[in-house]
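**Q** What follows is a predicted protein model with its sequence.
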Amino acid sequence: MSKALLSLLFFSCTISALPAAEGSDYGIGFSSPHRRCGAVSQFYGQTANDWQNQNTDQWLAKWISDHANDISGNQYGFAGAFGQWALGNPDWSCRDDGSASACDLDLCDNRVINSRGDDIRNSYYVLESVNRLHSYFAGISEAFEVSAIASAFSKEKWSETFYKPKNSDKTISTLKEVLNAVTTVLGIGAAFAGLGEGNALQGAIGGAMAAAAGGAAAAGSIQLQADKDDTFQKDADLGAILGKVVTESMKSFTSANNELMAGHNYQNTGDIKTYLQGGAFVNFGGVDKPAVTDVMSRFLIGNAVNELWRQQKIFILGGGQCGDGQGIGTGPKDYNVCRDGKAWYLYYWHEGNGDFLSNKQWGYVTMPPGADKLGQGDYAGVSVSDVINSSLDSYNVAEYNYDASKAADRVHEALQGGWRNPGAQGPSWEGTFTIPVCDVSGAISQDWKDKQYILEEYDDDARPVWCGPICSNDWDKTSRFINAANMGNFKSPKHLCSIDIHY
């Protein structure tokens with residue numbers, strides 16, 4: 001046998017015996033050869049856990065510190081300097097400037113990144129994260145359109161569904177208060193866009209999501225200040241103004257992209273390290289635009305309904321066992337939740353007509369205006385259970401003092417601490433509703449007059465009787481509840497009492 005033939009047989013046997021790494025881009029085979037992309041390809045399929053396990057946060061912080069002069073000397077700041085170092089591309093700006101290629105990743109056979117040795121892996125994670133953060137801002141910008149955000153609000157006199165005004169001027173001033181909640185909703189929407197509905201909010205990436213929420217809220221505050229003189233004369237205008245504020249705020253928020261890519265701090269929410277921490281964007285799959293718009297709309301509707309209801313005698317009573325039967329009355333069957341074995345009921349005290357000859361002179365309890373519209377049609381995304389559960393959580397956090405500032409703080413705490421994604425929870429998230437709550441379970445062991453009428457079912461003749469400190473058996477808390485529910489100096493609940501009532 002010739003030496004040439006022996007050599008060919010030996011080569012053939014050797015190639016056949018070589019193992020090919022599963023999923024590798026540089027295994028050898030005859031039937032389906034893979035393109036060689038270099039060492040970087042073994043790190044594809046990255047996750048946030050990979051980022052964390054490789055201590056990429058610390059690696060990036062050190063790289064920025066060690067390359068401060070390169071960053072300051074590059075016209076594109078951080079992104080340009082990192083692109084030069086990791087890709088050999090000094091024009092890798094990742095700016096939002098209309099360029100379709102400013103943030104492209106062309107890693108296959110890139111000699112620069114494949115020559116980085118032990119730094120290849122962390123370099124790749126940062127490159128992917130920067131690229132995907134850029135796509136996040138682009139997706140946010142496209143997700144918010146005036147027509148989508150405003151659709152449920154742009155209806156003539158829609159608020160009258162949820163409000164029985166004594167004058168139209170009051171209706172308009174009440175609706176304007178809805179704008180106070182917009183900045184928090186913007187933050188919730190921004191974080192939801194980064195996390196989505198099904199992704200777990202790990203503590204390690206919570207800081208990045210809190211930064212994103214803070215950035216969007218800051219942009220919203222700036223926009224609201226710019227639009228502070230906007231007025232609307234009818235209910236339908238609310239949709240147009242909300243749409244404008246939300247859309248312009250998010251456009252402003254996307255300017256964070258350019259600030260972060262340059263290496264700057266955006267609105268005191270953090271720099272590129274903050275937004276990438278924990279691997280928050282290392283495998284980000286893109287903004288689900290319809291889902292984000294839906295979440296924003298649901299929260300805005302919830303805030304609007306809450307603001308309208310908070311101007312009326314609307315409240316929540318409960319705390320007794322589900323099913324009642326404890327001697328303090330029976331609540332409405334269709335407007336309640338059973339939570340942790342306790343029943344909670346939603347009420348609206350319809351004011352009486354003042355006619356002493358009428359059995360309705362003292363008013364009666366019924367469902368709040370428009371409550372029967374929730375969960376369907378334009379309001380399908382908000383339910384009665386959302387109203388009650390959100391209000392209970394608001395009450396447990398801040399009693400009757402859950403305001404816009406508290407709402408913003410709690411969203412930040414939830415995201416920063418990694419214990420909740422408010423957008424994924426939806427409008428049952430605390431602060432969406434702040435209907436005053438009164439725990440009447442303390443009355444069960446008391447012998448108050450007519451305590452069997454503390455809870456009532458909805459009826460034109462249903463008039464609760466509260467002859468005691470019904471809220472937690474505490475006069476001060478009961479008084480705070482009465483005032484929060486707009487029933488100060490309202491005599492109906494106590495007109496049958498034979499003792500002095502201190503509320």
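**A** In hand now; what should we look at?

**Q** Identify the bridge partners of Lys342.
**A** Gln321, Arg339 (DSSP bridges).

**Q** I'd assumed Leu317 was in contact with it.
**A** No. Applying Cβ atoms under 8 Å, one finds Lys342 not in contact with Leu317, separated by 11.3 Å. (Each C-beta comes from the backbone N, C-alpha and C, glycine too.)

**Q** Neighbour count: the two, which is higher?
**A** Leu317 (29 against 15; other Cβ atoms under 10 Å).

**Q** Am I right that the more buried one sits in a strand?
**A** Yes. Assessed with DSSP: H, G, I helix; E, B strand; the rest coil, Leu317 lies in a strand.

**Q** ok, it - contacts?
**A** Shown in contact with Leu317 (Cβ atoms under 8 Å, 6 or more residues apart in numbering): Gly331, Trp344, Tyr345, Tyr347, Val437, Cys438, Val440, Ile454, Leu455, Ile470.

**Q** Leu179 versus that one, what's the distance?
**A** Taking Cβ to Cβ, to the nearest Å as the measure, Leu317 and Leu179 are separated by 30 Å.

**Q** And for Gly243?
**A** 12 Å.

**Q** His412 now?
**A** According to Cβ to Cβ, His412 stands 20 Å off from Leu179.

**Q** what's the answer for Gly318, then?
**A** As judged by Cβ to Cβ, Gly318 and Leu179 stand 31 Å apart.

**Q** Name the residue in these two with the higher neighbour count.
**A** For Gly318 versus Leu179, neighbours defined as other Cβ under 10 Å are more numerous around Gly318 (26 against 21).

**Q** so that one touches Lys342, yeah?
**A** Yes. Using Cβ under 8 Å, Gly318 makes contact with Lys342 at a distance of 6.2 Å.

**Q** what about the strands in the stretch 51-200 of the chain?
**A** Secondary structure of the stretch 51-200 of the chain by DSSP state E, counting those that start in this stretch: no strands are present.

**Q** just for it, where's the confidence low?
**A** Residue ranges of the stretch 51-200 of the chain with pLDDT under 70: 98-101, 144-158, 165-172, 196-200.

**Q** Helices of that one, residue ranges please.
**A** For the stretch 51-200 of the chain, applying DSSP state H, counting those that start in this stretch gives helices covering 56-66, 68-73, 77-87, 120-143, 146-150, 168-176, 182-195.

**Q** joint contacts of Gly318 and Lys342?
**A** Shared contacts of Gly318 and Lys342, defined by Cβ under 8 Å, 6+ apart, comprise Ser441.

**Q** What is the burial count for Leu175?
**A** When counting by other Cβ under 10 Å, one arrives at 23 neighbours for Leu175.

**Q** Ok, Gln321 next?
**A** Gln321: 14 neighbours (other Cβ under 10 Å).

**Q** Below-threshold pLDDT in the stretch 251-400 of the chain: ranges please.
**A** Judged by pLDDT under 70, the stretch 251-400 of the chain has its weakly predicted residues at 353-361.

**Q** Show the contacting residues for the residue nearest the centre of the chain.
**A** Taking Cα atoms, centre = their mean as the criterion, Ile188 is the residue nearest the geometric centre of the chain, at 2.6 Å. By Cβ under 8 Å, 6+ apart, the contact set of Ile188 is Ala213, Val295, Met296, Phe299, Val411, Pro422, Gly423, Trp429.

**Q** what about 7 Å?
**A** Neighbour list for Ile188: Ala213, Phe299, Val411, Pro422, Gly423 [criterion: Cβ atoms under 7 Å, 6 or more residues apart in numbering].

**Q** was I right about Ala407 contacting Thr184?
**A** Yes. Ala407 lies in contact with Thr184 (Cβ atoms under 7 Å); the separation is 4.6 Å.

**Q** would you list every one of the strands in the stretch 401-503 of the chain?
**A** Listed from the start of the chain, the stretch 401-503 of the chain has strands (DSSP E, counting those that start in this stretch) covering 437-439.

**Q** Which stretches in the stretch 401-503 of the chain count as helices?
**A** Using DSSP H, counting those that start in this stretch, the helices of the stretch 401-503 of the chain run over residues 404-417, 422-425, 475-484.

**Q** Adding distance to Leu195 as columns, could you present these in TSV?
**A** Listed next are the helices of the stretch 401-503 of the chain as TSV, based on distance: least, Cβ to Cβ, whole Å:
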stretch	distance to Leu195
helix 404-417	9
helix 422-425	7
helix 475-484	33
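
**Q** Pick the most buried one from the ones you listed.
**A** helix 422-425 (a mean of 24; mean count of other Cβ atoms under 10 Å).

**Q** what's in contact with that one?
**A** Here helix 422-425 makes contact (Cβ under 7 Å, 6+ apart) with Ile188, Gly189, Ala191, Phe192, Leu195, Glu197, Val295, Val411, Ala414, Trp429.

**Q** so who does the fourth one touch?
**A** Translated: Phe192. Phe192 makes contacts with Val292, Val295, Asn421, Gly423, Ala424, as judged by Cβ under 7 Å, 6+ apart.

**Q** give me that answer again for 6 Å
**A** Listed by Cβ atoms under 6 Å, 6 or more residues apart in numbering, the contact set of Phe192 reads Val295, Gly423.

**Q** Could you report the distance from it to Val411?
**A** From Phe192 to Val411 the distance is 11 Å (Cβ to Cβ).

**Q** same thing with the first one?
**A** Counting by Cβ to Cβ, the separation of Ile188 from Val411 is 6 Å.

**Q** Can you verify my assumption that Lys313 contacts Ala484?
**A** No. Taking contacts as Cβ atoms under 6 Å, Lys313 lies outside contact range of Ala484: 10.6 Å.

**Q** Now Ala486: closest residue in space, sequence neighbours ignored.
**A** Actually, residue 486 is Asn rather than Ala. Spatial nearest neighbour of Asn486, excluding adjacent residues (Cβ to Cβ, 6 or more residues apart in numbering): Lys313 at 5.2 Å.

**Q** any idea how far the one you found lies from Ala39?
**A** Taken as Cβ to Cβ, the span from Lys313 to Ala39 is 70 Å.

**Q** higher neighbour count, the two?
**A** Each of Lys313 and Ala39 had its neighbours counted (other Cβ under 10 Å), and the higher figure belongs to Lys313 (20 against 16).

**Q** residue contacts, the more buried one?
**A** Shown in contact with Lys313 (Cβ under 6 Å, 6+ apart): Trp349, Ala485, Asn486, Met487.

**Q** and it, how far is that from Lys333?
**A** In terms of Cβ to Cβ, Lys313 sits 21 Å off from Lys333.

**Q** next one: Lys373
**A** For Lys373, the distance to Lys333 - Cβ to Cβ - is 18 Å.

**Q** Could you check which of the two is surrounded by more residues?
**A** Neighbour count, other Cβ under 10 Å: between Lys373 and Lys333, Lys373 has more, with 16 against 9.

**Q** I figured the more buried one was touching Ser383, is that so?
**A** No. With contact defined as Cβ under 6 Å, Lys373 does not reach Ser383; the gap is 10.9 Å.

**Q** From the contacts of Leu317, pick the one nearest Ala102.
**A** Val437 (51.8 Å; Cβ to Cβ).

**Q** Secondary structure element holding the closest residue in space to that closest one that isn't next to it in sequence?
**A** Spatial nearest neighbour of Val437, excluding adjacent residues (Cβ to Cβ, 6+ apart): Tyr395 at 4.0 Å. Following DSSP states H and E, one finds Tyr395 within helix 384-398.

**Q** Name the residues of that helix that come out as buried.
**A** Going by neighbour count (16 or more other Cβ atoms under 10 Å), the buried part of helix 384-398 is 384-395, 397-398.

**Q** Turn those into a markdown table, columns for distance to Gly363.
**A** Shown next, in a markdown table, are the buried residues of helix 384-398 (distance: Cβ to Cβ, whole Å):
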| residue | distance to Gly363 |
| --- | --- |
| Val384 | 21 |
| Ser385 | 26 |
| Asp386 | 26 |
| Val387 | 21 |
| Ile388 | 22 |
| Asn389 | 27 |
| Ser390 | 26 |
| Ser391 | 22 |
| Leu392 | 25 |
| Asp393 | 29 |
| Ser394 | 26 |
| Tyr395 | 24 |
| Val397 | 31 |
| Ala398 | 29 |
